[in-house]
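Peer 1: coordinates for the following, if possible.
(one chain, ligands or ions: 1)
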Amino acid sequence: MKYNLMYDYAEGAHPDILHALERTNFVQQLGYGDDFYCGEAAQIIKSLLENEDAEVHFVSGGTHANLIVLSSSLRPYESVIAASTGHISIHEAGAIESSGHKINEVFVPDGKLTREKIQEVIEVHTDEHCVIPKLVYISNATELGNIYNKNEIELLSEFCRSRGLLFYMDGARLGSSIMSAYQDLKMSDLCELLDAFYIGGTKNGALLGEAIVIVNNDLKRNFRHSIKQRGGLLAKGRVIGLQFSEMFRKGLFFELAAHANKMADLLAVGIAQKGYRFYTVPQTNMLFPVFREKEILKMEENYLFYRWKKLDADETVIRLVTSWATDEKMILKFINEL
Ligand SMILES: Cc1ncc(COP(=O)(O)O)c(C=O)c1O
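Peer 2: I've put the predicted structure just below:
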C-alpha cells in the first residue's frame with residue numbers, strides 16, 4: 001500500500017480520543033450541544049483563550065464552520081475578501097457564494113493577505129452598485145503551508161478595525177501554525193485580534209470536529225439558529241465536545257501538532273539537502289517542494305501526494321503533508337528513495 005502524504009486526515013483519531021468515546025459511551029447526555037462535554041470543552045477553550053466572554057460552538061467540518069460563520073455575519077449585499085488561494089475561494093464548491101455572498105479574491109503569491117491588497121478591494125467598491133466588502137478571511141496556517149505571525153495578524157486586525165471590516169480566521173490547521181518554530185502568536189492573543197475563528201480538530205488528531213469561537217458580540221446573536229439552519233447542530237454534539245475536552249485538557253492538541261511539524265521539518269531538511277527548492281517556505285506540516293516529472297513518477301510508486309501546480313513542461317510543485325500520526329520511518333524512507 002502507498003504511504004499517504006496527501007493530507008493530515010488519512011488516519012482515524014488519537015487513541016486517547018477513542019478511549020474517551022468508549023469510556024463515556026453509555027452515559028446519557030442532553031442533545032444538540034447542551035451536554036456536559038460540550039460545556040466542559042467550551043470552558044477549557046475559553047480559559048486557554050483567556051476570554052470568558054467568547055462563545056464556543058462545535059461543528060463537524062471546516063467548510064461548514066466557514067459557511068455558518070460567514071453567512072451569519074454578513075448582510076445580503078456584503079462580501080468577503082480572501083486570497084485567491086483561500087480555501088473558501090477554491091476548495092469549498094462555492095459554499096460562500098451559494099449563501100449569496102461574493103468573494104473578492106485577491107492574488108497574493110504566497111497566499112497571505114496584506115493591508116495594501118485589502119485596501120485595493122475597498123477602493124474599487126465605492127457605491128451601491130457594488131457589493132460592500134465587509135469581512136476579511138484568512139487561514140492560519142495558510143493553504144500554502146506558511147503562517148501569519150503575531151505582528152502580521154496585529155497589522156491586519158488594526159487595519160480591519162480602522163475600516164469597519166470583520167476579521168475572521170480559518171483555523172483548520174491552527175495547531176500546526178501555533179506550534180510552528182516561526183510562530184510567536186499565542187492562543188491567548190486570538191480573541192484580542194479577531195472577531196471570530198475556528199480551531200481545527202479534524203486535521204489534528206480528532207475523529208472529526210471544529211470549535212468555532214465567536215468573539216464579537218454582534219456576531220453572537222442567535223448563532224445557534226444559524227448553525228441549525230445550515231444543518232450543523234448535531235443531535236450527538238457530545239461526540240465533538242468530548243473530543244475537544246480530551247484535546248485541550250492536558251495539551252494533547254499541541255503535542256499532536258508538534259509531532260506533525262517535527263515530521264514535516266525532517267522531511268523538509270531531507271528534501272532541501274538533496275538540492276530541491278520549495279515553492280513556499282516550509283513552516284508547518286504542509287510542504288510544497290518543486291520536483292521534476294521523473295522524480296514525481298518515481299515517488300508516486302510508493303507514496304500518495306498531490307500535484308499542486310505545474311510550473312513548466314518539466315517542473316511541478318507537489319504538496320506533502322505530515323500528520324499527528326506520521327511514522328518517522330516512512331519519512332526517512334521517502335528521503336532515501338528520493
Ligand atoms: C484551510 C482549510 N479550511 C477549511 C477546510 C475544509 O474542511 P472540511 O474538508 O472539513 O470541510 C480545509 C480542508 O482541507 C482547509 O484546509
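Peer 1: this protein: strands as residue ranges?
Peer 2: 3-4, 55-59, 78-83, 103-106, 132-139, 166-170, 196-200, 210-214, 286-287, 290-292, 303-304, 306-310, 315-321 (DSSP state E).
Peer 1: save these as JSON lines, and put in mean pLDDT too.
Peer 2: Formatted as JSON lines, the strands of the chain follow (pLDDT from 0 to 100):
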{"stretch": "strand 3-4", "mean pLDDT": "98"}
{"stretch": "strand 55-59", "mean pLDDT": "98"}
{"stretch": "strand 78-83", "mean pLDDT": "98"}
{"stretch": "strand 103-106", "mean pLDDT": "98"}
{"stretch": "strand 132-139", "mean pLDDT": "98"}
{"stretch": "strand 166-170", "mean pLDDT": "98"}
{"stretch": "strand 196-200", "mean pLDDT": "99"}
{"stretch": "strand 210-214", "mean pLDDT": "98"}
{"stretch": "strand 286-287", "mean pLDDT": "98"}
{"stretch": "strand 290-292", "mean pLDDT": "98"}
{"stretch": "strand 303-304", "mean pLDDT": "98"}
{"stretch": "strand 306-310", "mean pLDDT": "97"}
{"stretch": "strand 315-321", "mean pLDDT": "98"}
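Peer 1: can you say which of these is nearest to Phe334?
Peer 2: Smallest distance to Phe334 across these (Cβ to Cβ): 6.2 Å, for strand 303-304. From N, CA and C alone the C-beta is placed, and that goes for glycine too.
Peer 1: smallest gap between the stretch 201-338 of the chain and the ligand, at which residue?
Peer 2: Thr202 (5.3 Å; Cβ to the nearest ligand atom).
Peer 1: wait, that residue touches Arg173, no?
Peer 2: No: using Cβ atoms under 8 Å, Thr202 makes no contact with Arg173, being 9.9 Å away.
Peer 1: more neighbours, those two?
Peer 2: Set side by side, Thr202 and Arg173 show more neighbours around Arg173, with 28 against 21, by other Cβ atoms under 10 Å.
Peer 1: how far away is the residue nearest to Leu207 when sequence neighbours are not counted from the ligand?
Peer 2: Leaving aside its sequence neighbours, Leu207 sits nearest to Ala13 (Cβ to Cβ, 6 or more residues apart in numbering; 3.9 Å). Taking Cβ to the nearest ligand atom, to the nearest Å as the measure, Ala13 falls 14 Å from the ligand.
Peer 1: Ser72 now?
Peer 2: In terms of Cβ to the nearest ligand atom, Ser72 sits 17 Å off from the ligand.
Peer 1: excluding its backbone neighbours, what's nearest that residue?
Peer 2: Counting by Cβ to Cβ, 6+ apart, the residue nearest Ser72 is Ser226, at 3.6 Å.
Peer 1: the one you found contacts Ile68, doesn't it?
Peer 2: Yes: counting by Cβ under 8 Å, Ser226 touches Ile68, with 5.5 Å between them.
Peer 1: enumerate the residues of the stretch 101-250 of the chain near the ligand.
Peer 2: Contact residues, the stretch 101-250 of the chain versus the ligand (Cβ under 6 Å from any ligand atom): Ser139, Glu143, Asp170, Ala172, Thr202.
Peer 1: which of those tops the neighbour count?
Peer 2: Ranking those using other Cβ under 10 Å puts Ser139 first, with 30 neighbours.
Peer 1: residue nearest the middle of this structure, spatially speaking?
Peer 2: Closest to where the C-alpha atoms of the chain average out (Cα atoms, centre = their mean) is Ala172, at 1.9 Å.
Peer 1: near the nearest residue to it once chain neighbours are set aside, how many other residues are there?
Peer 2: Spatial nearest neighbour of Ala172, chain neighbours left out: Gly200 (4.0 Å); criterion: Cβ to Cβ, 6+ apart. As a burial measure, Gly200 scores 27 neighbours (other Cβ under 10 Å).
Peer 1: quick one: contacts for Gly200?
Peer 2: Gly62, Gly171, Ala172, Arg173, Leu174, Gly175, Glu210 (Cβ atoms under 8 Å, 6 or more residues apart in numbering).
Peer 1: ok, the first one touching Asn204?
Peer 2: If I follow you right, that is Gly62. No: contact between Gly62 and Asn204 fails when scored by Cβ under 8 Å: they sit 11.6 Å apart.
Peer 1: what is the neighbour count of Asp327?
Peer 2: Neighbours of Asp327 using other Cβ under 10 Å come to 12.
Peer 1: mind listing what it touches?
Peer 2: Asp327 neighbours (Cβ under 8 Å, 6+ apart): Tyr3.
Peer 1: phi and psi next, for whatever residue of the stretch 151-300 of the chain ends up closest to the ligand.
Peer 2: Ranked by Cβ to the nearest ligand atom, the top residue of the stretch 151-300 of the chain for proximity to the ligand is Ala172, at 3.5 Å. With angles defined as degrees, to the nearest 10, Ala172 sits at phi -50, psi -40.
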